[in-house]
Structure formats: C-alpha cells, structure tokens
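1. test case, fold it:
(2 chains, ligands or ions: 2)
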Amino acid sequence: MKFDNLSLDLLNTISDLAQIPDGAVNIRVNGEAVVRNSSALVTISPRDDGRGFYLEVKPGTRETIHVPVLITKAGIKETVYNTFNIGENSDVTIIAGCGIHNPSHSDSKHDGVHEFVVGAGARLRYVEKHLGQGSGQGKRIMNPSTKITLHRGASAELEMTQIKGVDDAYRSTVAYIEDQANLKIVERLMTEGNQTAESDVQINIVGKGGSGQIISRSVARDKSVQVFRAALLGQAECNGHVECDSIIMDKARISSIPQLVAEDSEAVLTHEAAIGKIAGEQLVKLMSLGLMEQEAIDIIIDGFLR
Amino acid sequence: MLELKNLYMTVNDENGPAKEIIRGINLLFEKGKVYAITGPNGGGKTSIAKLVMGIFSPSSGGIYLNGEDITQLSISERAHRGISYAFQQPPRFKGLTIEDLIKIARPGIDQLALRGTMRDVGLCPEDYLSRDVGPGLSGGEVKRVEIAQVLARGAEVTIFDEPEAGVDLWTIQKLIGILYSKFKDNPDALTIIITHNENILRICDEIIVIANGMVEARGSREEVWPLIKDDVECKMKEQCGELLTYEI
Ligand SMILES: Nc1ncnc2c1ncn2[C@@H]1O[C@H](COP(=O)(O)OP(=O)(O)OP(=O)(O)O)[C@@H](O)[C@H]1O
Ligand SMILES: [Mg+2]
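-> Numbering: from 1, shown residues only, chains lettered A, B, ... in the order given. Ligands and ions are numbered 1, 2, ... in the order given. Now for the predicted structure:
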C-alpha cells in the first residue's frame, strides 16, 4: 500500500505513524480498510456489512495497536462501528484518530461508534486525535460515540483530543465501571471560527471500589461554541472526580455542566469547573521574557492543552 | 544607564477614587552598579519596577534607557532592549515546564548553562526541569524558577522584586552569593534589587527608600540608614509594642 504525501502527513499528525507499523493495524482511507493486519494475539476481522471491524485481544497480550481513519476525498460521509474486546490481564495501547482533509464545498463526515469491553485485570490506553484540514467551504464533521465497560480490576485511560479544524462535533462517551476497576478520561478540545463542539460524558461506577475521573481542558476562540456535560454516577462505594477547565477568548461561548449523582452513602464524588480568559499576569510574564503578545497566547494555549 | 524622569502614575481603584501611587519619581541608575530599593509595604516599589518593564504606563514623565526614550515601548520591545524583571508574585502556567520557561527566557540556551542556572537557585535539574510550573510547585519553588529565568536571560538591566520572599534561609544565602558574584562590580550589568533583607542590602552599592510613591532617601548604606533608622524603629514600636534593634 502506498500513501500520497497528504495522507502520510495526516497519518503522522493523528497517530504518529511514518509507515505501516508492525503488529495489528487497521487503516481506513476514504471509506475502505486499505490496510488490515492481525497479529498473533490480536485479530481484526471485518463486520459483515463492511462498516467497521471486530478487534479481539487474547488474554495476557501486550501490544500496541493502530486503527487510524483518513478522509481525503470530498463529500464522504460514513458511520463506522468498531468493537474492541480486550482479553483478561492484557496490557494494550490503541492508537486511533481521524484526520479529514476537505478542500471542497461538500461536507465530509466521520461518525465512529466504538465499543470497548475491557476484561478483568486488563489495562487499556486508548489515544484518539481528531484533526480537520482543508480550505473549502465543506464542513469537517466528526461525531465519535464511545461506550466502554471495565470488568473487575480493569483499568483504562482514554485520551481524546480534538486538535483543530473540526467544524462540528458531537462526542458521546458512556462508561460502566465494575468492582475495583478504574477509568480516567482526558479530553482536550480546541475550537475556533464558527465551530461547535458538544461533549457528553457519562461515567457510571457500578462496582464496589471502582473509580472514575474526567479531566477536560478546552480552549474556545473566535465565535466558537462549546458545551460540555460531565456526569458521574456512583452506585457503590467508589470514588469519582470531574475537572473541567476552559480558556475562553474573543466572542466564544462555553457551557460547562458537571453533574454528580450518588446512590450509595459510601460514594465520594467531586467536581471542579472553571472558565476564564488567559490570565493577564501570564501574558505579561511571557512578554517580559521577550515574546510578542500573540506568541505568548499561543504558548499558553498549547501548554494548557498539552 | 536607566533614567526615570518625573514619573507619576494614577490607578483607578475598583471601589474608590483614582489614586496617585507614584508621585514624582526621579532616579538615575548607572551600569556596573547594584541598587537596592526598600521601604514600607505599599510604598510603590513594585509599581516602579512594572513601569520600567512596561507593565504599567505612567500618567506623566518618561523612562530612558541609554538615552533612548522607551516610555511608549511595549513589554516585549523593552525585553528586547535588555530589560528583565523577576516578579514579586510570579504566575503559574498549566502545561509549561520549568525547562520550557527557561528556554523561552533564553532561546538556544545549552544544557550546561540550563543546568547551571537551576543549581544557582538551588533546584536539582534532574528533579525539576520537566516539572510543570503549575499548582504542583510550592510557592518558594515558583519563586526560584522565576529567579532562574531572569538569571538565564543575562539582560543588561535586571530587576529582582523581593527575591528573598518565600525562599528558605539556605537558598537565600546561596542566592546572595550568586547575586554578588554575577552582578557586583559587573561593568555590563545594571541591577536593581527590591528587598527587605538586610543581607541583600549589604551587597548593594546604593540604597533607595521609596515611601508614599516618592523617593524618601537615597545614598550609600552608611548614609541612608541613619535617615530611616528612626522611622523603622518607630514603626516597629507601633506594631510590636517594643523597640527591636535593627542594625545593618
Ligand atoms: N493595579 C493596581 N490597582 C490599584 N492599586 C494598586 C495597583 N497596583 C498597586 N496598587 C497600589 O499602589 C500602592 C503601591 O503598590 P506596590 O505594589 O508598588 O507597593 P510595594 O512597595 O511593592 O509594596 P510591597 O512591599 O508590599 O511589595 C499600594 O497602595 C497598592 O495598593
Ligand atoms: Mg512589591
């Protein structure tokens, strides 16, 4: 399989890939899986309707798996269903991500519906970067929907980043955490121009000793609009924490709506939410080190979203 | 040479009338010397430093660096002209590491100099370089990082705003040694240290006392101390109810 420069560039940005990696990999380009390799312990098989895959990780596996998606042709709109079954006591990293390059007038859209089941004692790190490019009028739209279940003693960290250039996003994440399992979701979001992004995260801690954490950092510039809902439900003796921190600039609008629901007297749930502009003191400090105002703003934002 | 000519500054207090906090400052600082600025809290020391850095603008008067009027220049332009200011209360940054900040302060700094600067302020480079200058650092650590940035810059005019504040006694002693070796009798450096610390006052060539937005006294330690001694003792008596001896 040969990629053109544009695709390689996108691939590199969203998943740090310069070539087709060893191990299990699924690369979807313009609506088709162009690379699909299973490994000894990780099987990737297509769904019958061709719209996505089943990924099966054998118990005890340690591996890094790549499943990026690219859209470089105009006007592609797709919904993809992927299922990840992470075997007991395995330890895997999954690098996903979606890059849309759309220079045309018609909209491009990728809706990724992901379901994860993380087996007892397993560890998962899932990294997903979303990026939109291209100067056309057509919108770049991504609506990821993620459902994750963590069985007894499992742990997972989901790092979801919307870097730039996504015009419209509705992100939905639902998690179920069983006994002694632990989930951390880190979301980073940047919107500008007239972009809108809405994120709904719901963590249900159903098992005793479970813990869940949502950390959201976002920056809204120009006239962009962000809505962030983070709900934590504790149904057992458990720990949960939500932290939403946003920088607002220009004429942007941000709503941050944390919700805590406890159904057990041993549930400890907390939240912190803050929205504010870049602190004047930070700007002044960096300028006193010789940066121009715009450079200082960019560095503060980059750091904040890192 | 840095010259402040007839500086006045008024601020709009949120819940009160406009207040003149700098009231006719005339000061001349020469290259190769270390100056101390001291005086009571709220006297206007930090405001003077911020006027020099361009963070505050005067309502009238001018600031001159080597003869050039820099009163209208931006903060960044003044930084490029060679002015450097270590904040009294430095801000924290989420997501920027100590290494990031020092590299912004001194683009292209090599690893040896970077590590040396860290050690100058008593921070072990291995433990600290990659740490965020965020809520995870203690107050004294943030303060030391601030001083490290300014040391790394190596500017022509360096202003330290209470470098001793919040810093432990061992580090202060070390810091005084560093200030002495880097700035004392350095013909290329003009150094202003805002301080309440007697040992720092000792290493300065000249002491300037600022109170009520004005220069109350200026001169060598021997000259200035007798002038303010009574005042200090009187204030201490007022505040502490007894006379404490305070000698330098
Ligand atoms: N931005 C501001 N708005 C309103 N008042 C201010 C502002 N900055 C300073 N002031 C006031 O100006 C006066 C001088 O403040 P400044 O910070 O310069 O004092 P200082 O001599 O540095 O004091 P300290 O020893 O406590 O650091 C104080 O009364 C202070 O309340
Ligand atoms: Mg001050």
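
2. can you pull out the strands in the stretch 1-150 of chain A?
-> Under the criterion DSSP state E, counting those that start in this stretch, the stretch 1-150 of chain A contains strands at A:25-29, A:32-37, A:42-46, A:52-57, A:62-66, A:69-71, A:77-86, A:91-95, A:98-101, A:108-118, A:123-133, A:140-142, A:145-150.

3. what about the closest residue to B:Ser74 other than its chain neighbours, how many residues nearby?
-> Using CB to CB, 6 or more residues apart in numbering or on different chains and skipping the chain neighbours, the partner closest in space to B:Ser74 is B:Gly54 (6.0 Å). The C-beta positions use only the backbone N, C-alpha and C, and glycine is treated the same way. If you count neighbours by other CB atoms under 10 Å in any protein chain shown, B:Gly54 ends up with 24.

4. so what's B:Gly54 scoring on pLDDT?
-> Note on B:Gly54: pLDDT of 97.

5. wait, what's in contact with it?
-> B:70, B:73-75, B:77-78, B:83 (CB atoms under 8 Å, 6 or more residues apart in numbering or on different chains).

6. put the buried members of these into a ChimeraX selection.
-> Here is the ChimeraX command that selects the buried residues among the contacts of B:Gly54 (16 or more other CB atoms under 10 Å in any protein chain shown):
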select /B:70,73,75,78,83
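
7. dump the contacts of B:Gly54 to a markdown table, plus secondary structure.
-> A markdown table is the format used below for the contacts of B:Gly54 (DSSP: H, G, I helix; E, B strand; the rest coil):
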| residue | secondary structure |
| --- | --- |
| B:Ile70 | coil |
| B:Leu73 | coil |
| B:Ser74 | coil |
| B:Ile75 | helix |
| B:Glu77 | helix |
| B:Arg78 | helix |
| B:Ile83 | strand |
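
8. return the member of the contacts of B:Gly54 nearest to chain A.
-> Closest approach between those and chain A, by CB to the nearest CB: B:Ile75, at 4.0 Å.

9. right, and the closest one touches B:Lys50 too?
-> No - the pair B:Ile75 / B:Lys50 is not scored as a contact, 9.6 Å apart, by CB atoms under 8 Å.

10. for residue 218, name its beta-bridge partners.
-> No chain specified, so I'll use chain A. Beta bridges link A:Ser218 to A:Leu189, A:Ser246, judged by DSSP bridges.

11. let's do chain B instead
-> Counting by DSSP bridges, B:Arg218 forms beta bridges with B:Ile208.

12. quick one, what contacts it?
-> So B:Arg218 contacts B:27, B:206-209, B:224 (CB under 8 Å, 6+ apart).

13. now swap in B:Ile203 and tell me
-> By CB under 8 Å, 6+ apart, the neighbours of B:Ile203 are B:34, B:176, B:179-180, B:184.

14. looking at these, which are in strands?
-> Judged by DSSP state E, strands contain the following of the contacts of B:Ile203: B:Val34.

15. give the buried subset of the contacts of B:Ile203 as a ChimeraX selection command.
-> Buried residues among those (16+ other CB under 10 Å), as a ChimeraX selection:
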select /B:34,176,179
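
16. what about the residue nearest to B:Ser74, distance to ligand 1?
-> 15 Å (CB to the nearest ligand atom, to the nearest Å).

17. how about that residue, phi and psi?
-> phi 90, psi 10 (degrees, to the nearest 10).

18. could you list the single helix or strand in chain A with the lowest mean pLDDT?
-> helix A:5-15 (a mean of 88; mean pLDDT, DSSP states H and E).

19. ok, and what's touching that one?
-> A:3, A:17-18, A:27, A:29, A:66, A:68, A:70, A:72, A:95-99, A:101, A:129-131, A:133, A:163.

20. narrow those residues to those that are buried.
-> The buried subset of those (16+ other CB under 10 Å) comprises A:3, A:17, A:27, A:29, A:66, A:68, A:70, A:72, A:95-99, A:101, A:129-131, A:133, A:163.

21. low-confidence regions, the chain specifically.
-> Assuming you mean chain A. A:1 (pLDDT under 70).

22. try again with chain B
-> Looking at chain B by pLDDT under 70, you get B:228-248.

23. quick one: name the residues of it near ligand 2.
-> B:45-46, B:88 (CB under 5 Å from the ion).

24. keep only these that also lie close to chain A.
-> Filtering the residues of chain B next to ligand 2 for proximity to chain A by CB under 8 Å from any CB of the partner chain leaves nothing.

25. neighbour count added to those residues, as JSON lines?
-> Below are those laid out as JSON lines (neighbours: other CB atoms under 10 Å in any protein chain shown):
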{"residue": "B:Lys45", "neighbour count": "25"}
{"residue": "B:Thr46", "neighbour count": "21"}
{"residue": "B:Gln88", "neighbour count": "18"}
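
26. coming back round to it: neighbour count and distance to A:Val34 added to the contacts of B:Arg218, as JSON lines?
-> Listed next are those as JSON lines, based on neighbours: other CB atoms under 10 Å in any protein chain shown; distance: CB to CB, whole Å:
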{"residue": "B:Leu27", "neighbour count": "18", "distance to A:Val34": "71"}
{"residue": "B:Glu206", "neighbour count": "18", "distance to A:Val34": "74"}
{"residue": "B:Ile207", "neighbour count": "25", "distance to A:Val34": "74"}
{"residue": "B:Ile208", "neighbour count": "23", "distance to A:Val34": "72"}
{"residue": "B:Val209", "neighbour count": "23", "distance to A:Val34": "76"}
{"residue": "B:Val224", "neighbour count": "21", "distance to A:Val34": "79"}
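
27. next, count neighbours for the residue in chain B that chain A sits nearest to.
-> Residue of chain B nearest chain A, by CB to the nearest CB: B:Gly95 (3.2 Å). Neighbours of B:Gly95 under the rule other CB under 10 Å: 17.

28. where does it land in three-state SS?
-> When the rule is three-state DSSP, B:Gly95 gets the label coil.

29. isn't it right next to A:Gln282, touching?
-> No - applying CB under 8 Å, one finds B:Gly95 not in contact with A:Gln282, separated by 11.2 Å.

30. just to revisit the earlier point, kindly export the least confident helix or strand of chain A (C-alpha atoms) in CSV.
-> C-alpha atoms of helix A:5-15 as CSV (Å, rounded to 0.1, in the frame of the first residue of the first chain):
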residue,chain,number,x,y,z
ASN,A,5,2.0,12.8,0.8
LEU,A,6,-1.2,14.4,2.1
SER,A,7,-2.3,11.1,3.7
LEU,A,8,1.1,10.4,5.1
ASP,A,9,1.1,13.8,6.7
LEU,A,10,-2.4,13.4,8.2
LEU,A,11,-1.5,9.9,9.4
ASN,A,12,1.6,11.2,11.1
THR,A,13,-0.3,14.0,12.9
ILE,A,14,-3.1,11.9,14.2
SER,A,15,-1.3,8.7,15.0
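
31. return the distance of that helix from the chain's centre.
-> Its chain's C-alpha centre lies 17 Å from the corresponding centre of helix A:5-15 when counted by CA atoms, centre = their mean, to the nearest Å.
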